[in-house]
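Asker: turn this into a model:
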Amino acid sequence: MMVKPETEGGMGIDDGSLVSYLKHSTVRSETEEINGIECIVVDLTVKAIKLSTMWLDPHRSLLPIRKVGYGKDGKIISEGVVTKIG
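Answerer: Residues are numbered from 1 along each chain as shown. Sure, this is the predicted structure:
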């Protein structure tokens, strides 16, 4: 999940790059806990449409712990959660 190299013009959700994703995302001011891990939350919004939200573990090199993808109508179309590390 999100480990591919950045591509020119990539948004993260299309090139699989965490670097691309973060360049186009907004970081929320509050953290959220996922499975006992306090995470940084980032939202990817393009042209006023939220496309994705990701929860990142700041103590594990921004390892994505949870990722939710949204359709143009705002409904969840995909979701992934890390349940075990190591």
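Asker: now the residue positioned nearest the centre of the chain, nearest residue through space, not along the chain?
Answerer: Residue closest to the average C-alpha location in the chain (Cα atoms, centre = their mean): Met54, at 2.5 Å. Once flanking residues are discounted, Met54 sits nearest to Lys67: 4.8 Å by Cβ to Cβ, 6 or more residues apart in numbering. To be clear about C-beta, it is placed using only N, CA and C from the backbone, and glycine gets the same treatment.
Asker: residues near the one you found, how many?
Answerer: 22 (other Cβ atoms under 10 Å).
Asker: ditto for Trp55
Answerer: Other residues within reach of Trp55, judged by other Cβ under 10 Å, total 24.
Asker: now it: how far from Val19?
Answerer: Distance, Trp55 to Val19, by Cβ to Cβ, to the nearest Å: 17 Å.
Asker: one more: Ala48?
Answerer: Using Cβ to Cβ, Ala48 is found at 24 Å from Val19.
Asker: higher neighbour count, those two?
Answerer: The residue with more neighbours, out of Ala48 and Val19, is Val19; 15 against 5, by other Cβ under 10 Å.
Asker: in the strand or helix carrying the more buried one, what's buried?
Answerer: Using DSSP states H and E, Val19 sits within helix 18-23. Burial within helix 18-23, assessed by neighbour count using 16 or more other Cβ atoms under 10 Å, is assigned to Leu18, Ser20, Tyr21, Leu22.
Asker: do stretch 57-67 as well
Answerer: For stretch 57-67, the neighbour count (16+ other Cβ under 10 Å) marks Asp57, Leu62, Leu63, Pro64, Ile65, Arg66, Lys67 as buried.
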